[in-house]
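> can't give you the sequence, but here's the structure:
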């Protein structure tokens, strides 16, 4: 993620490191925690399902994504420099002819909507 957002080229996942030895070589460590993710789908077959042949939506998808990001100095991963919680909530509709990717789109919209804020907050904390 850090490479894809062009925040840094020198990013290594913690599971690829010996954390007892290698963390001192990094200036900063970013940790994340998923707090809540919830996708709820509701359909209304009568009467909207019957009308869906005319393009009326009859499936409603609600999505919530909440996660926490913490920034630490590499030499001290006990006290965070920054800890923030991010929340995304959105809804989409599906019909008989459209909206088939609503579930995936909501997930991606959540990540794409929040990650620029995460990167900006980390950049501000480092400065």
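Thanks, I have the structure now. On a predicted model such as this, the values are computed, not experimentally measured, just so you know. Numbering: from 1, shown residues only.
> so what does the one helix or strand residue 118 maps to touch, helix or strand wise?
Using DSSP states H and E, residue 118 sits in helix 102-126. Counting contacts by 3 or more Cβ pairs under 8 Å, 6 or more residues apart in numbering; DSSP states H and E, the secondary-structure elements packed against helix 102-126 are strand 28-43, strand 59-73, strand 82-94. C-beta: built from backbone N, CA, C; applies to glycine.
> relative to residue 107, which of these is closest?
For these, the distance to residue 107 is smallest for strand 59-73, at 6.9 Å, taking Cβ to Cβ.
> the closest one packs against which elements?
Strand 59-73 is packed against strand 28-43, strand 82-94, helix 102-126, with contacts defined by 3+ Cβ pairs under 8 Å, 6+ apart.
> any idea of the mean pLDDT in it?
Averaged across strand 59-73, pLDDT comes to 96.
> average pLDDT for the helix holding residue 118?
The predicted confidence, averaged over helix 102-126, sits at 94.
> quick one, it and strand 28-43 angle?
Angle, helix 102-126 to strand 28-43, by axes from the mean of the first three to the mean of the last three Cα atoms, to 10 degrees: 150 degrees.
> check for me that residue 78 belongs to a helix.
No - assigned with DSSP: H, G, I helix; E, B strand; the rest coil, residue 78 falls outside any helix and is coil.
> turn the helices and strands packed on strand 59-73 into a markdown table, including mean neighbour count and distance to residue 55.
Written out in a markdown table, the entries for the helices and strands packed on strand 59-73 read as follows (neighbours: other Cβ atoms under 10 Å; distance: least, Cβ to Cβ, whole Å):
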| stretch | mean neighbour count | distance to residue 55 |
| --- | --- | --- |
| strand 28-43 | 13 | 16 |
| strand 82-94 | 15 | 11 |
| helix 102-126 | 15 | 15 |
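> any chance of the ones you listed in CSV, with distance to residue 68 too?
Rendered in CSV, the data for the helices and strands packed on strand 59-73 read as follows (distance: least, Cβ to Cβ, whole Å):
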stretch, distance to residue 68
strand 28-43, 5
strand 82-94, 5
helix 102-126, 10
